[in-house]
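Student: I'd like to go over a predicted model; first the sequence, then the structure.
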Amino acid sequence: MSSVLTLLSSSAIAADVNEEEDLALVYGDKSMISIATGKAQSLRRAPAVASVITAEDIRAQGFTDIDQVLETIAGMHVSRAAIVYFPAYIMRGIGGGGVTNPHMLVLQNGIPMTTSYTGDKGQMLWHGISVENISRIEVIRGPGSALYGADAFSGVINIITKTADEIPGIFLSAGVGSFRTRDAWVLHGGKWGPFKIAAYLRAGATDGQKEVLTADAQSRNDKLFSTNASLAPGSVHTGFNPVDANLDLSTGNWHWRSSLLSRTELQTGAGVSSALDFGGGATTERLTSDLSWIDAAFAKDWTLGSTLSFLYYTEKSSLQLLPPGTRLPTGTFPNGMIGGPSRWERQFRLSAFASYSGWADHQWRVGLGHDDVNLYRTQTIKNFLLSPAGIPIPSGPVMDYSQIQPHILPTRRKNNYLYLQDEWNLAKDWTMTAGLRHDHYSDFGGTTNPRLALVWDARYDLTAKFLYGRAFRAPAFNESYGLNPVANGNPNLKPERIATTELALSWQANKDVLLNLNIFRYDMQDIIRAVANPTPGTGSTYFNTGNQNGRGLEAELQWDVKKDLKILANYSYQHSVDESTRADAGYAPHHHLYTRADWQIIPGWSLSPQVNWVADRRRAAGDSRPAIADYTSVDVSLRSQRERGKWEWTATVRNLFNADIREPSIAPGLAIPNDLPMAPRSIYLQLIYKM
């Protein structure tokens, strides 16, 4: 089976298929998904277009972090931002060109990992997210707010970690690679009295790739103010030290999970102001814990469940915004312009659901919840003040300006929500899923989002579905309450909105070939953007302004050529238009092709080459530079199979032919004119031992 599947939905069409699906429900595999409706079900019957990647797929390709995995998803491209080379997830043309990435909801075991200040997965934290403890990754392509609420806008990613049942014993591993990358991890699964226990710990370090920027924002300042302060030409800095830990305990109907992600000595990529920075850095940490209870046989035809979760997140930084010797109209910065915005937040979430199957041909689900998101502490350390126009004025030594000119004040947001969903087998070979969710926020009010999925098993080997859904993105705290005159917050912001329509087809051409095709169209409204204030020289403010529409398709092939050779390919096309300019929305590839082969070359050894082609990325309006160059990257992974003994090793080469891969810098390109260079050829070796 392939690692990436279009969700199918059907009634019983063949006894052997049903038997296979029933077994999968018990044991779980890539033909199962839970993200589409909130319960485990066959991909064939799930009312969404989605992808599933399993731990075995991750091992086969030698993936070392989650961004490598997600680049293989049809319709999705992982770009980078100048700030700390933060990974930006672009789905169907949505999500490019910004310094934040709030349009994709990231869940861990169903719990949102959203940080309040930027409204995304965390700029500083999301680097080198380890994959060894991942059981599976489920991705919805399209809106998911009818079930998951805010920010399930262009898609939803659910990262499911391993349980004790998936870890037979103790595993030890060490790895080394290019850019002085080194790490080690231990994974354990077993029993402790009445508890099943799974534990994971990983620590490492990397200097990161150091490709050269020929010019940066300070290069332009030097020309304007006759200085020579720029560090360009010079290399980007992408190093960091990661620590990841997970603990999973379960007994009966109870399940408790906790996790820690820590990133120290995080370097700033191309610079937080798009000016190379050799002296700044950040430390960030996220701690999560959740306790859930589910009783699948609470009463006849009833399933009940509830979850209580906690998230703690902090970013502490000391950043060189512009290098020593910088001169602006307001004065000179002999030691560089230095800023240190830091934030601490905690989140509590409580949710419950009930599922009822006693009504013939219907499966009802109702859920409710309460979220409490509290940015309870902020700190602003710097050596400058900002004028009303947002121009830095040298102010002497680095000081704490948290009381004088903070970047944001502590703030808090609460949300109460209620949703209802019905899965209805309305006729033979026809299933309809309808859902509706209402969220009410303490600051910007309420929003209601529906979805409808109609699935038809046209014949035993062909399934068709029609999907419609609406979703919203909540304003991030910096957009609503930020105090930076360059881009002032606006407490009157409304959520961004999107409506998406999809048509999906799946054809099992024969027992070895599966073809999937889905066509989509979306319309975005009330897009949140920073707009120049009417009074010249007074900076800008966030407003709901502008719309965007897009259309496209995604095609997938799964081909079991023979027992020891399997091929996967997917191709996606999208065209997105900014309605205010009638120009291409920019940044996202119009064409994206990915293909991979899993080949058991001899017993006990597997070779997995993959090819990734990214093409036709247009510039946004106002950017006169030529289109971003296309690229083709080739990766190869060779691994031994653990069945031959206690040892397993993997050797992976990424960007085998050393392609010049670049991700777009933001319009109009005055800061970084030649875009952001990605890593050249790299090698990673990993050794795993099962005790």
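Tutor: Sure, I can see it. Note that the structure is a prediction, hence the values are computed from the model and not measured.
Student: got any ranges where this structure has weak pLDDT?
Tutor: 1-31, 42-45, 536-538, 642-645 (pLDDT under 70).
Student: Find the nearest non-adjacent residue to the most far-flung residue of it relative to its centre, please.
Tutor: Distance to the chain centre peaks in the chain at S226, reaching 41.8 Å (criterion: Cα atoms, centre = their mean). Setting aside the residues directly before and after it, S226 is nearest to R327 in space (Cβ to Cβ, 6 or more residues apart in numbering), at 7.9 Å. (Each C-beta comes from the backbone N, C-alpha and C, glycine too.)
Student: List the buried residues of stretch 579-587.
Tutor: If you call a residue buried by 16 or more other Cβ atoms under 10 Å, then stretch 579-587 has these buried ones: 584-587.
Student: Just the terminal-to-terminal distance for stretch 526-544.
Tutor: 5 Å (Cα to Cα, to the nearest Å).
Student: List the buried residues in that stretch.
Tutor: Neighbour counts using 16+ other Cβ under 10 Å place 526-530, 539-544 of stretch 526-544 among the buried residues.
Student: Repeat that for stretch 662-673.
Tutor: Buried residues in stretch 662-673 (16+ other Cβ under 10 Å): 662-667, 669, 671-672.
Student: With stretch 289-296 instead?
Tutor: In stretch 289-296, counting by 16+ other Cβ under 10 Å, buried: 289-290, 292, 294.
Student: Ok, stretch 358-367 next?
Tutor: 363-365, 367.
Student: of all these, which comes closest to P680?
Tutor: For the buried residues of stretch 358-367, the minimum distance to P680 (Cβ to Cβ) is 47.8 Å, reached by G367.
Student: can you tell me the helix or strand for the closest one?
Tutor: Using DSSP states H and E, the element containing G367 is strand 362-386.
Student: Neighbouring strands of that strand in the sheet, and parallel or not?
Tutor: Strand pairing for strand 362-386, determined by DSSP bridges: strand 337-356 (antiparallel), strand 392-400 (antiparallel), strand 411-427 (antiparallel).
Student: can you give me the strands in the stretch 201-350 of the chain?
Tutor: 212-213, 234-235, 241-251, 254-266, 281-299, 302-322, 326-328, 331-333, 337-356 (DSSP state E, counting those that start in this stretch).
Student: what's the closest of these to F195?
Tutor: Nearest of the strands of the stretch 201-350 of the chain (Cβ to Cβ): strand 241-251, 5.0 Å.
Student: tell me the angle that closest one makes with strand 281-299.
Tutor: 10 degrees (axes from the mean of the first three to the mean of the last three Cα atoms, to 10 degrees).
Student: neighbouring contacts of strand 241-251?
Tutor: For strand 241-251, the external contacting residues (Cβ atoms under 8 Å, 6 or more residues apart in numbering) are 127-130, 133, 161-164, 183, 185, 192, 194-206, 255-265.
Student: Which of the helices or strands spans the closest residue to Q108 other than its chain neighbours?
Tutor: In space, and not counting its chain neighbours, Q108 is closest to I159: 4.9 Å by Cβ to Cβ, 6+ apart. Here I159 sits within strand 155-161, counting by DSSP H and E.
Student: Could you list the paired strands of that strand along with their orientation?
Tutor: Partners of strand 155-161 in its sheet, by DSSP bridges: strand 104-108 (parallel), strand 134-141 (antiparallel).
Student: Same list, those, but as CSV with distance to A46 please.
Tutor: Formatted as CSV, the strands paired with strand 155-161 follow (distance: least, Cβ to Cβ, whole Å):
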stretch, distance to A46
strand 104-108, 16
strand 134-141, 9
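Student: Nearest to P406, out of these?
Tutor: Among the strands paired with strand 155-161, strand 104-108 comes nearest to P406, with 27.7 Å by Cβ to Cβ.
Student: so what's the closest residue to I140 other than its chain neighbours bridging to?
Tutor: Distances taken as Cβ to Cβ, 6+ apart place V156 nearest to I140, at 4.3 Å, with adjacent residues excluded. When bridges are called by DSSP bridges, V156 pairs up with L105, I140.
Student: Please tell me how far V156 sits from A282.
Tutor: Shown here: V156 relative to A282, a distance of 27 Å by Cβ to Cβ, to the nearest Å.
Student: Kindly report the same for D244.
Tutor: 17 Å.
Student: How about Q363?
Tutor: Q363 is 46 Å from A282, by Cβ to Cβ.
Student: cool, S624 as well?
Tutor: Using Cβ to Cβ, we find S624 at a distance of 34 Å from A282.
Student: more crowded one of those two?
Tutor: Remark: of S624 and A282, A282 carries more neighbours, 24 against 8, as counted by other Cβ atoms under 10 Å.
Student: Tell me how many other residues surround the closest residue to that one other than its chain neighbours.
Tutor: In space, and not counting its chain neighbours, A282 is closest to S317: 3.8 Å by Cβ to Cβ, 6+ apart. The local packing of S317 (other Cβ under 10 Å) involves 21 other residues.
Student: S317 reaches D277, doesn't it?
Tutor: No: contact criterion Cβ atoms under 8 Å: S317 and D277 do not qualify, at 11.0 Å.
Student: Give the residues shared as contacts by the two.
Tutor: By Cβ under 8 Å, 6+ apart, S317 and D277 have no common neighbours.
Student: Please name the residues that touch the closest residue to T238 other than its chain neighbours.
Tutor: Nearest non-adjacent residue to T238, counting by Cβ to Cβ, 6+ apart: G208, 3.1 Å away. G208 sits next to 85, 179, 236-240, 267 when contact means Cβ under 8 Å, 6+ apart.
Student: The same query, at a cut-off of 10 Å, please.
Tutor: Applying Cβ atoms under 10 Å, 6 or more residues apart in numbering to G208 gives the contacts 85, 127-128, 179-181, 235-240, 266-267, 269, 679.
Student: Over to T447?
Tutor: 145, 149-150, 417, 437-441, 470-472, 474, 494-495, 497.
Student: please redo it, this time with the cut-off set to 6 Å
Tutor: Contacts here follow Cβ atoms under 6 Å, 6 or more residues apart in numbering; on that basis T447 touches 439, 472, 495.
Student: Go through those residues and give me the one with the most neighbours.
Tutor: Neighbour max across these (other Cβ under 10 Å) = P495, 25 neighbours.
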